[in-house]
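In: Sequence and predicted structure, then a few things I'm wondering about:
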Amino acid sequence: MEMFEKAVRNKLRFTHKGIISYEDLYDLTLTALDSIYKNTNAELKRQSEDSLLGTKSKDTEMLELKIEIIKHVVATKQAENSERLNASKRAKDKQEILDLIDEKNKEALRSKSLQELTEMANKL
């Protein structure tokens with residue numbers, strides 16, 4: 001079963017300024033997600049330390065699922081941030097190129113003779 005399907009079926013909730021669902025994780029900052037991760041990971045470590053049995057409890061499984069979901073959301077948000085930065089850089093680079101093209105066109109026009117410029121103006 002996919003991790004998000006498990007989250008829905010188990011009504012998985014996270015603690016962050018109250019109780020939130022996994023969908024709300026996408027609205028949080030990376031710092032807030034890191035805080036949730038640290039708290040969840042600490043809780044998982046506390047639960048796994050006290051067990052004399054080698055079996056996983058349902059709580060342990062749900063904590064591991066929470067950690068995997070948080071990791072997924074963080075990776076997704078980091079990829080989106082990186083893509084946004086790349087898109088912004090590409091747009092800036094494209095604008096610089098377009099500005100240079102405009103300058104070259106103006107230089108080409110400036111190098112034409114008065115007669116050539118007059119003919120071009122009359123054609124417009």
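Out: Happy to help now that I have it.

In: and the helix or strand of the chain with the lowest mean pLDDT, what other elements does it pack with?
Out: Least confident helix or strand, the chain: helix 3-9 with a mean of 85, by mean pLDDT, DSSP states H and E. If you count contacts as 3 or more CB pairs under 8 Å, 6 or more residues apart in numbering; DSSP states H and E, helix 3-9 packs onto helix 58-110. The C-beta positions use only the backbone N, C-alpha and C, and glycine is treated the same way.

In: so after the helix it packs on, what's the next helix or strand?
Out: Using DSSP states H and E, the next helix or strand after helix 58-110 towards the C-terminus is helix 114-123.

In: In PDB, could you pull the C-alpha coordinates for that next one?
Out: Extracted in PDB, the C-alpha atoms of helix 114-123 (Å, rounded to 0.1, in the frame of the first residue of the first chain):
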ATOM      1  CA  LEU A 114      20.500  58.800 -44.000                       C
ATOM      2  CA  GLN A 115      19.200  57.600 -47.400                       C
ATOM      3  CA  GLU A 116      18.700  54.000 -46.200                       C
ATOM      4  CA  LEU A 117      16.900  55.200 -43.000                       C
ATOM      5  CA  THR A 118      14.700  57.500 -45.100                       C
ATOM      6  CA  GLU A 119      13.700  54.700 -47.400                       C
ATOM      7  CA  MET A 120      13.000  52.400 -44.400                       C
ATOM      8  CA  ALA A 121      10.800  55.100 -42.800                       C
ATOM      9  CA  ASN A 122       8.900  55.600 -46.000                       C
ATOM     10  CA  LYS A 123       8.100  51.900 -46.300                       C
END
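
In: Can you give the contact residues for that helix?
Out: Helix 114-123 has contacts (CB atoms under 8 Å, 6 or more residues apart in numbering) with 109, 112.
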